[in-house]
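Q: Provided below for reference: sequence and predicted model.
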Amino acid sequence: MGRRQKKTKVGNDREMRAVTRNFSRGTGPDLKTVGDKKLRRELIVKEKKNAMAVKSAALAQLMLPEETGCLEADEGERTMKFKQHDIVKHVDVGSARKHFSLTLPEHGPYKCAYTKNGRKLLIGGSKGHIGTFDWQTGALGCEIHVRETIRDVVWLHNKDFFAVAQKKYTYIYDGSGTELHRLQNHINPVFLDYLPYHWLLVSAGVTGYLKYHDTSVGKLVVELKTRMGQPHAMAQNPWNAVMHLGHANGTVSMWSPSMKEPLVKMLCHHGPVTAIASDNTGRHMVTCGMDNQLKIWDIRSYKNSLSYHTHRPGGQLAVSATGLIATSLGGLVQVWKDSFSTKQKCPYMTHRLESGNIEGLEFAPFEDVLGVGHTNGFTSLLIPGAGQANFDALEANPYENKRQKQEAEVKNLLSKIQPELISLDSGNILQMKSTEEPAKELTEKELVLKFKMKGRNSAKKRFLRKEKHINDERGSRIRAALDKERENQEEAGDEGESSSRTPLAEPGILDRFKSKD
């Protein structure tokens, strides 16, 4: 028994060393060569902290229980030929229950949206039907009928609030279906989206305005005039919260609430843009257009990296957390795998509806599920390898209770990012702004050189110059008086010598009182 435990321990140590090697940042400095004792002590403490950080990261990776799966075909087969009923037969009961279909032909076509943690599903029919429910357990949240045209639906910061783009205004409802707010500034909305880290509800309307509404304080932040008419598609970049709008002239414009003009304009298609999506890393953008093209763009260089030809224009786009691309072509769903790196010859999976067109596509977070909203209702498809295998409970917890939900809401509100910080490069927040003013261009008059000696016009120098001037005047007067007196004495001496040299009388004590005449 002891030998088995020893072998197991040796095996775990080898696995630990292999994982630690991936997180190691190289060997540290040779501390024996450091002469300063204080510096050597600080370096020893720092190296110990680095070793503990590497060990903690390695242990966290070893504790991750799940791995991302995928479909693998035998030789001579293709995964795109696999049907949904074949996949359901070969998976466990829990996964098989995630494939279902809701038949609602009277109120379609439907839009769909999942919460951030992937537990709740929101569907909205174009004829006024709205429903929320836990799609895994089937527990109904609310079901209402607004008797008005619905163009888009979106969840807000948690499962208790959602927004609906109706015929004339945008409305906000709570989890029980009660109308809370009517946003009259958002007139004739066509698309809705929500920025969770900024608490901003974004809408694009028929009039061509892009509007940002702060849901934490209930105020309109800014409304931007695109000057390109009604947008045909809208999506957000989850990496930097920049909004992407697709227009009828084939261009895609990128917007930030701090700028009145678009940050970037890209000509993507030779025709109207029908759909836009972006991956979680913020490096790639996927677009579909009326020119029957599906294009993948590198946002860092704004260049087209890959393109695929489709038999008809794509209507909807969605990108999963693992990089799968889903697109709708009428009643056909195509899923592409590894399309950002290499060009694929055929799709990863396909699914064709019995009837109707697709109006909504969205991947469920942390699940291998793709939600499809179409004319006849809603369908949940199993897409192996679409979801993240492991989730961060501090970011989005699918199993959170009421207390955890309340704490997460407070923390998210305290860490809310201001709208002014939205930019193409999100790393600008970490940089220091220089206080030095930029150099101004000098005119010809200002370019005239003036030679000044340093310190000539100080207070001390001015005082000394004034004193020197006064002393010079006083000295010149004294010198002039002495010169005149010397001349008088010389003249008086010459007269005495010419007359018999009469001796001069010695001055008396009272001579000072005699008159000068």
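A: Perfect, thanks for sending it.
Q: contacts, neighbours, all on C-alpha from now
A: OK.
Q: can you give me the helices in the protein?
A: Along the chain, counting by DSSP state H, helices occupy 2-23, 37-62, 84-89, 93-96, 402-414, 459-498.
Q: can I get these in TSV with mean neighbour count?
A: Compiled in TSV, these are given as follows (neighbours: other C-alpha atoms under 10 Å):
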stretch	mean neighbour count
helix 2-23	12
helix 37-62	13
helix 84-89	13
helix 93-96	13
helix 402-414	12
helix 459-498	11
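Q: compute the first-to-last residue distance for stretch 96-107.
A: Its start and end residues considered, stretch 96-107 measures 27 Å (C-alpha to C-alpha, to the nearest Å).
Q: contacts for it, please.
A: Outside stretch 96-107, the residues that touch it by C-alpha atoms under 8 Å, 6 or more residues apart in numbering are 88-89, 125-129, 135-136, 369, 375-382.
Q: same thing but at 10 Å, please
A: Outside stretch 96-107, the residues that touch it by C-alpha atoms under 10 Å, 6 or more residues apart in numbering are 84-85, 87-91, 110, 124-130, 135-137, 145, 356, 367-383.
Q: which one, of the helices of the chain, ends up nearest to Glu223?
A: Glu223 lies closest to helix 402-414 among these, at 22.9 Å (C-alpha to C-alpha).
Q: just the buried residues of the contacts of stretch 96-107.
A: 84, 87-88, 110, 124-130, 135, 356, 367-383 (16 or more other C-alpha atoms under 10 Å).
Q: skip the chain neighbours and tell me the closest residue to Arg283.
A: Nearest residue to Arg283 in three dimensions, chain neighbours excluded: Ile299, at 5.4 Å (C-alpha to C-alpha, 6 or more residues apart in numbering).
Q: give me the neighbour count for Asp30.
A: 9 (other C-alpha atoms under 10 Å).
Q: so what's it up against?
A: Residues counted as contacts of Asp30 (C-alpha under 10 Å, 6+ apart) are Arg40, Leu43.
Q: which stretches of the protein have low pLDDT?
A: Within the chain, the segments meeting pLDDT under 70 span 1-16, 19, 25, 62-63, 65-66, 429-457, 468-471, 493-517.
Q: try it again at 80.
A: Regions of the chain meeting the criterion pLDDT under 80 cover residues 1-32, 57-69, 392, 426-475, 491-517.
Q: just want the most central residue of the protein.
A: A centroid search over the chain (C-alpha atoms, centre = their mean) returns Asn240, at 2.5 Å, as the residue closest to the centre.
Q: got a list of what the closest residue to it other than its chain neighbours touches?
A: Nearest residue to Asn240 in three dimensions, chain neighbours excluded: Ser426, at 5.6 Å (C-alpha to C-alpha, 6+ apart). The neighbourhood of Ser426, defined by C-alpha under 10 Å, 6+ apart, consists of Trp239, Asn240, Ala241, Val242.
Q: ok, of those residues, which come out buried?
A: The buried subset of the contacts of Ser426 (16+ other C-alpha under 10 Å) comprises Asn240, Ala241, Val242.
Q: could I get the residues you listed as a markdown table with distance to Glu47?
A: Converted to a markdown table, those look like this (distance: C-alpha to C-alpha, whole Å):
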| residue | distance to Glu47 |
| --- | --- |
| Asn240 | 34 |
| Ala241 | 37 |
| Val242 | 40 |
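Q: with the residues you listed in mind, which one is nearest to Tyr194?
A: Ala241 (9.5 Å).
Q: go ahead and confirm the closest one touches Tyr212.
A: No. The pair Ala241 / Tyr212 is not scored as a contact, 11.9 Å apart, by C-alpha atoms under 10 Å.
Q: which residues do those two both contact?
A: Between them, Ala241 and Tyr212 share these contacting residues under C-alpha under 10 Å, 6+ apart: Tyr194, Leu195, Leu200, Ser256, Pro419.
Q: those: which two are farthest apart?
A: Tyr194 and Ser256, at 13.7 Å, using C-alpha to C-alpha across those.
Q: ok so, going back, mind listing what the residue nearest to the centre of the chain touches?
A: Neighbour list for Asn240: Leu195, Ser256, Asn280, Thr281, Gly282, Leu421, Ile422, Ser423, Leu424, Asp425, Ser426, Gly427 [criterion: C-alpha under 10 Å, 6+ apart].
Q: most neighbours among the residues you listed, please name it.
A: Neighbour count (other C-alpha under 10 Å) singles out Ser256 as the most crowded of those, with 24 neighbours.
Q: neighbours around the residue nearest to Thr251 when sequence neighbours are not counted, how many?
A: Excluding its sequence neighbours, the residue lying closest to Thr251 (C-alpha to C-alpha, 6+ apart) is Leu267, at 4.3 Å. Neighbour count of Leu267, defined by other C-alpha under 10 Å: 15.
Q: is it correct that Leu267 is in contact with Asn249?
A: Yes. At 8.3 Å, Leu267 counts as touching Asn249 under the criterion of C-alpha under 10 Å.
Q: give me the common contacts of these two.
A: Common neighbours of Leu267 and Asn249 (C-alpha under 10 Å, 6+ apart) are Val273.
Q: may I see the helices of the chain arranged in a markdown table, with distance to Gln230 as well?
A: Below are the helices of the chain laid out as a markdown table (distance: least, C-alpha to C-alpha, whole Å):
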| stretch | distance to Gln230 |
| --- | --- |
| helix 2-23 | 49 |
| helix 37-62 | 47 |
| helix 84-89 | 37 |
| helix 93-96 | 41 |
| helix 402-414 | 33 |
| helix 459-498 | 69 |
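Q: for Tyr114, find the nearest of these.
A: helix 402-414 (16.5 Å).
Q: can you list contacts of the closest one?
A: Contacts of helix 402-414 (C-alpha under 10 Å, 6+ apart): 157-159, 196-199, 216, 394-397, 399-400, 416.
Q: ok, now how distant is the residue nearest to Asn397 when sequence neighbours are not counted from Lys98?
A: Excluding the flanking residues, the one nearest Asn397 by C-alpha to C-alpha, 6+ apart is Asn117, at 5.7 Å. Using C-alpha to C-alpha, one gets 16 Å for the distance from Asn117 to Lys98.
Q: ok, now Leu31?
A: Separation of Leu31 from Lys98 (C-alpha to C-alpha): 58 Å.
Q: quick one: which of these two has more around it?
A: When neighbours are counted by other C-alpha under 10 Å, Leu31 and Lys98 differ, and Lys98 comes out ahead with 20 against 12.
Q: ok, Thr342 touching Tyr308?
A: No. With contacts counted by C-alpha under 10 Å, Thr342 stays clear of Tyr308, the gap being 11.6 Å.
Q: neighbour-wise, which of these two wins?
A: More crowded of Thr342 and Tyr308, by other C-alpha under 10 Å: Tyr308, with 15 against 10.
Q: and for the nearest residue to that one once chain neighbours are set aside, the neighbour number?
A: Spatially, and ignoring its direct neighbours in sequence, Tyr308 is nearest to Leu294 (5.0 Å; C-alpha to C-alpha, 6+ apart). For Leu294, the neighbour count with other C-alpha under 10 Å is 23.
Q: one more: Pro384?
A: Neighbours of Pro384 (other C-alpha under 10 Å): 17.
Q: that one contacts Phe82, doesn't it?
A: No. Using C-alpha under 10 Å, Pro384 is not in contact with Phe82, being 11.5 Å away.
Q: joint contacts of those two?
A: By C-alpha under 10 Å, 6+ apart, the residues touching both Pro384 and Phe82 are Leu71, Met349.
Q: need the contact list for Ile44.
A: Ile44 is in contact with Gly28, Pro29, Leu31, counting by C-alpha under 10 Å, 6+ apart.
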